[in-house]
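S.K.: Predicted model, plus sequence, below.
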Amino acid sequence: MEQLRVGLIGAGGIAGVHIAGWQQLGAHVSVYSRSGAAHLVQEFGVAEAESLDALLADCDLVSILTPTTTHHEYAMAAIAAGKDVMCEKPLAETTARAAEIANAAKSAGVRLFPAHVVRFFPEYVAAKAQLEQGLLGSPQVLRLSRASAAPAAGSWFFDEEAAGGIIRDQMIHDLDQALWLAGDVIQVEALQAPSTVDGVVPRPVTAKVFLTHESGAVSFLRGEWGPDNMPFHTSIAVEGDAGMWRFPLPLAADLGAATDGGPADGGGSAPVGGQLPEQSPASSPYTLQIAEFAQACSTAAPSRVSPYDGVMAVALAEAAYASIASGGPVEFSAASVAKLLD
């Protein structure tokens, strides 16, 4: 079997996780970054492309790991070059631009994989299985939380106009989970504290999103970007009319280390902050996601994350910000969003 050639665009903190996953599968990895990728070459032995054109000429599949406002530019370039595309969440900064990417991929006959990796975490997979097997009955109430150390002060994440903000970036994982587990949404209400001022999201910050689903189920989502020493933590609870599934993931301190903060000493000291749970490359949900996407490319099989899913998550985030701006709930039409897709 011919070795898969993967081209990564972006050399930020998430790149190492993706590289480890692709290398676990035996892929040849090259990286292009406007700021350079020498540190990744040294750590992982990947090739560095001198330009975007050089990267596109030397790969079969492109993985986009750059800030959200650049996703559209890079995805459209890769699609125009006839490459399959994997794109970190959110797919784009607006619903319209996310739909443009999805439509372009369909027209070009290439695959588009929005990287909603939480669908590959075992606890969430188990919740989905419980629902599909009828063990919980119909979903009634979902409670999803996600907390981590905030991104670096002054970074693009805090520029709400430039596709930053906690809901669009961090909480989009749980918006996607709510859709995956309970189906289409008809109403969105959101709150954020402290409020965004002059387009800049405060640090730290907490947000809550309340979703009413077409089925009558309701989802309560809470996200937090906390102080620098906050360990990564997430939880899920699904209440059905016949049962309940609940799981809190361990804190980073319990895992022995936090991905972005370095090792904890294990002796009861304050936990080290981070944005990701610790995972080994072989068992990482990122590797599982990559493996499924690679298999889908080679066999034309469907993936558990579709372009529709990527667009719909962006639309829900957009609706949440509209709710914050209006000070109340906003109606949501999945059918209207679907009409944007060819």
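M.R.: Nice, I can see it.
S.K.: Outline the domain layout of the chain.
M.R.: As given by automatic domain parsing, the domain ranges for the chain are 5-116, 119-297+310-335.
S.K.: deepest of those, which one?
M.R.: By mean neighbour count, with neighbours taken as mean count of other CB atoms under 10 Å, domain 5-116 ranks first of the domains of the chain at a mean of 20. No exception for glycine: its C-beta is placed from N, CA and C like everyone else's.
S.K.: Just the terminal-to-terminal distance for it.
M.R.: Distance between the boundary residues of domain 5-116 (CA to CA, to the nearest Å) amounts to 22 Å.
S.K.: returning to what we had before: by mean pLDDT, show me the worst of the domains of the chain.
M.R.: Within the domains of the chain, the least confident segment by mean pLDDT turns out to be domain 119-297+310-335, at a mean of 87.
S.K.: just to revisit the earlier point, tabulate the domains of the chain in a markdown table, adding columns for distance to Asp342.
M.R.: Putting the domains of the chain into a markdown table (distance: least, CB to CB, whole Å) gives the following:
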| stretch | distance to Asp342 |
| --- | --- |
| domain 5-116 | 5 |
| domain 119-297+310-335 | 12 |
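S.K.: How is the spatially closest residue to Gly26 that is not a sequence neighbour assigned, secondary-structure-wise?
M.R.: For Gly26, the nearest residue in space outside its immediate sequence neighbours is Gln3; the separation is 6.6 Å by CB to CB, 6 or more residues apart in numbering. The local conformation at Gln3, judged by DSSP: H, G, I helix; E, B strand; the rest coil, is coil.
S.K.: hang on, isn't Gln3 packed against Val29?
M.R.: No - when contacts are counted by CB atoms under 8 Å, Gln3 is not listed as touching Val29 (10.5 Å).
S.K.: Can you show me the strands along the stretch 1-150 of the chain?
M.R.: Along the stretch 1-150 of the chain, counting by DSSP state E, counting those that start in this stretch, strands occupy 5-9, 28-32, 47-48, 61-64, 84-88, 112-115, 139-149.
S.K.: Give me the sheet partners of the shortest one and which way each runs.
M.R.: Right, the one you point to is strand 47-48. Partner strands for strand 47-48, per DSSP bridges, with pairing direction: strand 28-32 (parallel).
S.K.: just how off-centre is the strand it pairs with within its chain?
M.R.: With CA atoms, centre = their mean, to the nearest Å as the basis, strand 28-32 stands 21 Å off its chain's centre.
S.K.: Also stretch 26-45?
M.R.: If you compare the mean C-alpha spot of stretch 26-45 with that of the full chain, they lie 21 Å apart, counting by CA atoms, centre = their mean.
S.K.: Now do that stretch: everything it contacts.
M.R.: 3-11, 15-16, 19-20, 22-23, 46-52, 54-55, 58-59, 294 (CB atoms under 8 Å, 6 or more residues apart in numbering).
S.K.: State the next helix or strand along the chain beyond the longest helix that the chain contains.
M.R.: In the chain, assigned by DSSP state H, the helix with the most residues is helix 307-326. Along the chain past helix 307-326, the next helix or strand (assigned with DSSP states H and E) turns out to be strand 330-331.
S.K.: So what are the sheet partners of that next one and their directions?
M.R.: Based on DSSP bridges, the pairing partners of strand 330-331 within the sheet are strand 185-193 (antiparallel).
S.K.: Just list what the helix or strand just after the partner strand packs against, helices and strands only.
M.R.: From strand 185-193 onward toward the C-terminus, using DSSP H and E, the following helix or strand is strand 205-213. Based on contacts counted as 3 or more CB pairs under 8 Å, 6 or more residues apart in numbering; DSSP states H and E, the elements that strand 205-213 packs against are helix 166-169, helix 172-182, strand 185-193, strand 218-226, helix 307-326.
S.K.: Can I get these in a markdown table including distance to Ser298?
M.R.: What follows is the helices and strands packed on strand 205-213, written out as a markdown table (distance: least, CB to CB, whole Å):
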| stretch | distance to Ser298 |
| --- | --- |
| helix 166-169 | 31 |
| helix 172-182 | 24 |
| strand 185-193 | 34 |
| strand 218-226 | 35 |
| helix 307-326 | 19 |
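S.K.: Turn the strands of the stretch 1-150 of the chain into CSV, including distance to Ala338.
M.R.: Converted to CSV, those look like this (distance: least, CB to CB, whole Å):
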stretch, distance to Ala338
strand 5-9, 28
strand 28-32, 33
strand 47-48, 40
strand 61-64, 24
strand 84-88, 19
strand 112-115, 15
strand 139-149, 21
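S.K.: mind checking how far the residue nearest to Glu48 when sequence neighbours are not counted is from Ala81?
M.R.: Leaving out its chain neighbours, the residue that sits closest to Glu48 by CB to CB, 6+ apart is Ala37, at 4.8 Å. In this structure, Ala37 and Ala81 are 20 Å apart, going by CB to CB, to the nearest Å.
S.K.: what do you get for Asp58?
M.R.: Distance check for Asp58 against Ala81: by CB to CB, it reads 11 Å.
S.K.: Specify the beta-bridge partners of Lys208.
M.R.: Here Lys208 shows beta-bridge partners Leu191, Arg222, assigned using DSSP bridges.
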